[in-house]
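Just need the structure, nothing else, for what follows:
(one chain, ligands or ions: 3)
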Amino acid sequence: MKIKVLGSSAGGGFPQWNCNCRNCDGVRRGTLKATRRTQSSIAVSANGEDWLLVNASPDLLAQIAANPELQPARRVRDSGIAAALVMDAQIDHVTGLLMLRERGTPLPLYATDAVWQDLSQGFPIVPMLSHYCGVEHRRIALDGSPIEMAALPGIRVVALPLSSKAPPYSPHRDAPVRGDNIGIVIDDTASGRSVFYAPGLGAIEPHVRDAMRDADLLLVDGTTWTGDEMIRLGLSNKTAADMGHLPQTGAGGMIETLDALAPLRDRAQRKVLIHINNTNPILIDDGPERRVLAEHRIEVAYDGMSFEL
Ligand code: MLT
Ligand code: MN
Ligand code: ZN
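Numbering: from 1, shown residues only. Ligands and ions are numbered 1, 2, ... in the order given. Okay, the predicted model is just below:
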């Protein structure tokens, strides 16, 4: 299977339009060794022509333009995007669905019931799109049953419920329900290899740890380096945990979590951080934080990064 990183940054992108933090200012002026990144999304394909869009970022049109394999041009109106799957109802993961409105047929959309409800009420993309191409709900069950799609032969997707939060506009923001946030395991039955993808991972619950241990490729929450990064920069009053994200450093952080998986495996595993917030110092290619990650054999995703598994 092929995996393409369409967008590797968290909500807001890098640089964020109104942000003049060290990273955003430095990448804008070209004074930092860092690369621009668009908002959070990947695409998955079995044949390199038909793709499952996993999360639909506000930057989707630019991402399609930057990844010509998503446009096989088989007919006068055409796209390689056969279906979409969303992992939560956050702005950075669903807004791009509106950009698919010119489709000739309803968009098959894989979502949990909780996310479908948010997209019907809190952020009513589904009723809006009913006036354009329409959206067909393909229900993501949370019982571990695999999702199979005709466009992705041999590929199976299993969803894992994550304990995190629904977006601020969700009717169940303050009363979390199972399915507000998911991680996914994508399995290629032909190669026997798998990916675990979770751009938002607030806590490493036992079922999450098991899935992480078993995957050949991890694409996991790389939002912040420290828990209080945004607070210290005076940019927010929320910790990473308040936003449902696990920082890289500190006790029980992502570096420690990833290190602890290694001895449990008999095969090599690639560990890649994704959904990186613009404040995170790991965005600086020649910075000390990047050297720390390298010592732990942890990579940093960039737009256009691709994997063949
Ligand atoms: C998050 O994951 O916390 C988001 O990136 C927030 C947002 O999109 O505004
Ligand atoms: Mn996000
Ligand atoms: Zn910034």
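
For Pro281, give me its contacts.
When contacts are counted by Cβ atoms under 8 Å, 6 or more residues apart in numbering, Pro281 touches 23, 225, 287-289. Yep, even glycine has a C-beta here, placed from its N, CA and C like the rest.

Flag every residue of the protein that's near ligand 3.
Contact residues (Cβ under 5 Å from the ion) of the chain with ligand 3: 16, 19, 21, 24, 278.

Export these as JSON lines, with columns for secondary structure.
Formatted as JSON lines, the residues of the chain next to ligand 3 follow (DSSP: H, G, I helix; E, B strand; the rest coil):
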{"residue": "Gln16", "secondary structure": "coil"}
{"residue": "Cys19", "secondary structure": "coil"}
{"residue": "Cys21", "secondary structure": "coil"}
{"residue": "Cys24", "secondary structure": "helix"}
{"residue": "Asn278", "secondary structure": "coil"}
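
ok, which of the residues you listed also contact ligand 2?
Applying Cβ under 5 Å from the ion, the subset of the residues of the chain next to ligand 3 adjacent to ligand 2 is empty.

Tell me the one of these nearest Leu258?
Nearest to Leu258, judged by Cβ to Cβ, of the residues of the chain next to ligand 3 is Asn278 at 22.3 Å.

if I look at the closest residue to the closest one other than its chain neighbours, how far off is Asn23?
Among residues not flanking Asn278 along the chain, Phe14 sits closest, at 4.4 Å (Cβ to Cβ, 6 or more residues apart in numbering). According to Cβ to Cβ, to the nearest Å, Phe14 stands 7 Å off from Asn23.

same check, this time on Leu283
From Leu283 to Asn23 the distance is 5 Å (Cβ to Cβ).

Spit out the residues that contact the two alike.
With Cβ under 8 Å, 6+ apart as the test, Leu283 and Asn23 both reach 14, 34.

So for these two, which sits in the more crowded spot?
Relative neighbour count places Leu283 above the other of Leu283 and Asn23, with 31 against 25, counting by other Cβ atoms under 10 Å.
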